[in-house]
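Undergrad: Have a look at this prediction, sequence included:
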2 protein chains.
Amino acid sequence: MNRTLSSFLIPATASFLSGCNAGQPDVFERLSSGNAQIVDMTHALSADMPFWPNPNGNPFRHDTLRAHPDGAPMMAAYATPEHHGTHLDAPIHGGPGQASVDQLTASELFGPAVVIDVREHVAANPDYQLSAEDLRAWEAAHGAIPNGAIVLLRSGWDDRWTTSARYQNVDARGVMHFPGFSEDAARYLMNERRINGIGTDTPSVDHGPSRDFPVHGIVNGGGKYHLENVANVGRLPATGAFLIVAPIKIAGGSGGQVRIFGVLPE
Amino acid sequence: MNRTLSSFLIPATASFLSGCNAGQPDVFERLSSGNAQIVDMTHALSADMPFWPNPNGNPFRHDTLRAHPDGAPMMAAYATPEHHGTHLDAPIHGGPGQASVDQLTASELFGPAVVIDVREHVAANPDYQLSAEDLRAWEAAHGAIPNGAIVLLRSGWDDRWTTSARYQNVDARGVMHFPGFSEDAARYLMNERRINGIGTDTPSVDHGPSRDFPVHGIVNGGGKYHLENVANVGRLPATGAFLIVAPIKIAGGSGGQVRIFGVLPE
């Protein structure tokens, strides 16, 4: 695979993107000179982490095949659902006939991060759905969402990651409660902007009470991916960071565990 | 995780790294303008790919949990050894007490690529071991191996990837034959240079006939990682490319599947 990434340069981020003209050094120089900071936006996979509620408990298994004298694994095997932990939903997950995870290219997987902070709404309503109005308000402050953007919902939910019951937030009737994107926001991003994907610091891009997962249908159905259970969204600024999205490359996979690095602006 | 990457700038690559001073635009501008090319250096995981010989066959399983009407997976689960397909050996794999895969930071995972082409030697001897002399010859031509480098063996072996028996290359006595690094080369890199890791387009950094895996002991034992079964090494120049190494983040894992992207120089 060897594709150009011609969709990123847009006026709203030009001052960040056109590094030299704006007096910014090459990102490699920033990395080498210690001026660049990289945020790891992936939770570690383990049998202790939160999972989508099911009668059998956490489905992640990690089995030592050969151990060092202290018991630490020298070799191990593991088993997991693709959609578990910090993971990527490939377009085929919610969009029949769309791309599987191994078919996504670097031009789709790399892009500028747009971070929409909805923590105030979530404090009042854990089922809050990021609205098209939230997106327009962000654009009024920061400029149009750039082509190739990966639009991240910042709800603050990953503060709950260490306590599975609080992260799942299931009520007495078995309904989950956590924030997500609204259908209107998903349609705005898919129809009015040219994004690479969306992501959330919650278990799903559709909010907890959803039964039919319309955002999955709109975004995956339109050929774009989701990132779910993203860590450290709060470490990124609203605009100016760059995301490197690196999913496990499972042939024909509907998704999979993903390593996400956020390169902070200077 | 949020570490600076201060170890990369060295004289040999300064002209590449100091983009602006050298008249090179910011990498984001290169990406956006279509001048940057990204090489995907990961083979897709499947039950058809080559595997380390064992009586039970290929250990990768991919099970559809819910299917679209055409049979394609909407959701799936998988099971695999950590050290299967294009994967990373965390230092703890060969070095008791060393870092597990989730503990490797971006400053260790990103770095300049050094590509050592030994195809001529391999044509005459499939068990060829990259020598310290090969490394010195490379340095005579291209300058010192930079700090933070990821040193890749280019043997041409991935031409065999589509035919598992040719990739494994097991003889009548059950011994595998494929190229790797020599102990001397491993010691030179660990003692005389400051690398981030090493990688190979073959099943192991120790060559096929090895029984005691000394390179594993030297490199993992010294706290550095290996990349094995790397794809498309031949698409990189000898020097000037930059690697983004993104392993699956398994808590306490001895390694795991890895997505590797090579950013080509202008």
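TA: Good, I have the coordinates. Predicted model, so just to flag it, every value in this text is computed and none were measured.

Undergrad: tell me which parts of the stretch 51-200 of chain A are close to chain B?
TA: A:59, A:61-62, A:65, A:68-70, A:72-83, A:86, A:92-94, A:96-97, A:100, A:102, A:105-107, A:110 (C-beta under 8 Å from any C-beta of the partner chain). For glycine as for every other residue, the C-beta is placed from the backbone atoms N, C-alpha and C.

Undergrad: Just the buried subset of those, please.
TA: A:62, A:68, A:72-78, A:80-83, A:86, A:92-94, A:100, A:102, A:106-107, A:110 (16 or more other C-beta atoms under 10 Å in any protein chain shown).

Undergrad: which ones among those are found in strands?
TA: Using DSSP state E, the members of those that fall within strands are A:His62, A:Pro73, A:Met74, A:Met75, A:Ala76, A:Ala77, A:Tyr78, A:Thr80, A:Pro81, A:Phe110.

Undergrad: Not counting sequence-adjacent ones, nearest residue to the third one?
TA: Right, the one you point to is A:Met74. If the residues on either side of it in the chain are set aside, A:Met74 comes closest to A:Arg66, at 4.6 Å by C-beta to C-beta, 6 or more residues apart in numbering or on different chains.

Undergrad: try the first one
TA: With C-beta to C-beta, 6+ apart as the measure, A:Tyr78 is the residue that lies nearest to A:His62, at 4.7 Å, once sequence neighbours are left out.

Undergrad: my read: A:His121 touches A:Ala137, true?
TA: No: using C-beta atoms under 8 Å, A:His121 is not in contact with A:Ala137; the gap is 11.4 Å.

Undergrad: And the two? Which one has more around it.
TA: The neighbour comparison of A:His121 against A:Ala137 (other C-beta atoms under 10 Å in any protein chain shown) goes to A:His121, with 16 against 12.

Undergrad: Surely the more buried one is within a helix?
TA: Yes: applying DSSP: H, G, I helix; E, B strand; the rest coil, one finds A:His121 inside a helix.

Undergrad: And it, how close does it get to B:Asn125?
TA: A:His121 is 66 Å from B:Asn125, where distance means C-beta to C-beta, to the nearest Å.

Undergrad: now swap in A:Arg173 and tell me
TA: 69 Å.

Undergrad: Distance from stretch A:133-143 to the middle of the chain?
TA: 20 Å (C-alpha atoms, centre = their mean, to the nearest Å).

Undergrad: Mind listing what's buried along it?
TA: A:Asp134, A:Leu135, A:Trp138, A:His142.

Undergrad: Nearest to chain B, out of these: which one, please.
TA: Chain B has its nearest neighbour among those in A:His142, at 16.9 Å by C-beta to the nearest C-beta.

Undergrad: from what I can see that closest one touches A:Thr239, true?
TA: Yes: with contact defined as C-beta under 8 Å, A:His142 reaches A:Thr239; the gap is 4.7 Å.

Undergrad: quick one: which helix or strand includes A:Gly217?
TA: Element membership of A:Gly217, judged by DSSP states H and E, is helix A:214-219.

Undergrad: what element comes up after that helix heading to the C-terminus?
TA: strand A:225-228.

Undergrad: more crowded one of A:Arg173 and B:Asn125?
TA: A count of neighbours by other C-beta under 10 Å puts B:Asn125 above the other of A:Arg173 and B:Asn125, at 12 against 5.

Undergrad: where does chain A dip in pLDDT?
TA: Within chain A, the stretches with pLDDT under 70 are A:1-36.

Undergrad: what about the helices in it?
TA: A:14-17, A:27-33, A:91-94, A:106-109, A:119-124, A:132-142, A:164-168, A:183-192, A:214-219 (DSSP state H).

Undergrad: Deepest-packed of those, please.
TA: Ranked by mean neighbour count, the helices of chain A are led by helix A:91-94 with a mean of 27 (mean count of other C-beta atoms under 10 Å in any protein chain shown).

Undergrad: Just list what that one packs against, helices and strands only.
TA: Here helix A:91-94 touches helix A:214-219, strand B:73-81, going by 3 or more C-beta pairs under 8 Å, 6 or more residues apart in numbering or on different chains; DSSP states H and E.

Undergrad: So what's the residue count around A:Asp212?
TA: 8.

Undergrad: Contacts only, for it.
TA: Contacts for A:Asp212 were tallied using C-beta atoms under 8 Å, 6 or more residues apart in numbering or on different chains; there are none.

Undergrad: Same check on A:Asn232?
TA: Here A:Asn232 is in contact with A:Val39, A:Asp40, A:Met41, A:Asp158, A:Gly262 (C-beta under 8 Å, 6+ apart).

Undergrad: let's go with 6 Å and repeat that
TA: A:Val39, A:Met41 (C-beta atoms under 6 Å, 6 or more residues apart in numbering or on different chains).

Undergrad: same thing with A:Val245?
TA: Neighbour list for A:Val245: A:Leu109, A:Ile260 [criterion: C-beta under 6 Å, 6+ apart].

Undergrad: Give the bridge partners for it, please.
TA: A:Ile260 (DSSP bridges).

Undergrad: And A:Val39, by the same measure?
TA: Where A:Val39 sits in a bridge, its partners, by DSSP bridges, are A:Gly262.

Undergrad: Give me the neighbour count for it.
TA: The number of residues near A:Val39, taken as other C-beta under 10 Å, comes to 22.

Undergrad: I figured it was touching A:Gly262, is that so?
TA: Yes: A:Val39 is within contact range of A:Gly262, at 4.1 Å (criterion: C-beta atoms under 6 Å).

Undergrad: excluding its backbone neighbours, what's nearest the residue lying farthest from the centre of chain A?
TA: Distance from the C-alpha centroid of chain A peaks at A:Pro69, with 38.4 Å (C-alpha atoms, centre = their mean). In space, and not counting its chain neighbours, A:Pro69 is closest to B:Pro96: 7.0 Å by C-beta to C-beta, 6+ apart.

Undergrad: what do you get for A:Phe110?
TA: A:Ile244 (5.7 Å).

Undergrad: Next, work out how far apart that neighbour and A:Asp40 are.
TA: For A:Ile244, the distance to A:Asp40 - C-beta to C-beta - is 11 Å.

Undergrad: now A:Thr163
TA: 21 Å.

Undergrad: Comparing those two, which residue is more hemmed in?
TA: A:Asp40 (23 against 10).

Undergrad: Burial check on A:Leu130, number of neighbours?
TA: 29.

Undergrad: Give me the distance between it and A:Met176.
TA: A:Leu130 is 17 Å from A:Met176, by C-beta to C-beta.

Undergrad: and what of A:Ala44?
TA: Separation of A:Ala44 from A:Met176 (C-beta to C-beta): 23 Å.

Undergrad: State the number of residues packed around the residue in the stretch 101-250 of chain A positioned nearest to chain B.
TA: Closest to chain B within the stretch 101-250 of chain A is A:Ala246: 3.3 Å, counting by C-beta to the nearest C-beta. Using other C-beta under 10 Å, A:Ala246 has 28 neighbouring residues.

Undergrad: ok, A:Ser164 - contacts?
TA: Applying C-beta under 6 Å, 6+ apart, the residues near A:Ser164 are A:Pro50.

Undergrad: Repeat that for the one 5 residues further on.
TA: Contact analysis of A:Asn169 by C-beta under 6 Å, 6+ apart lists A:Met176, A:His177, A:Phe178.
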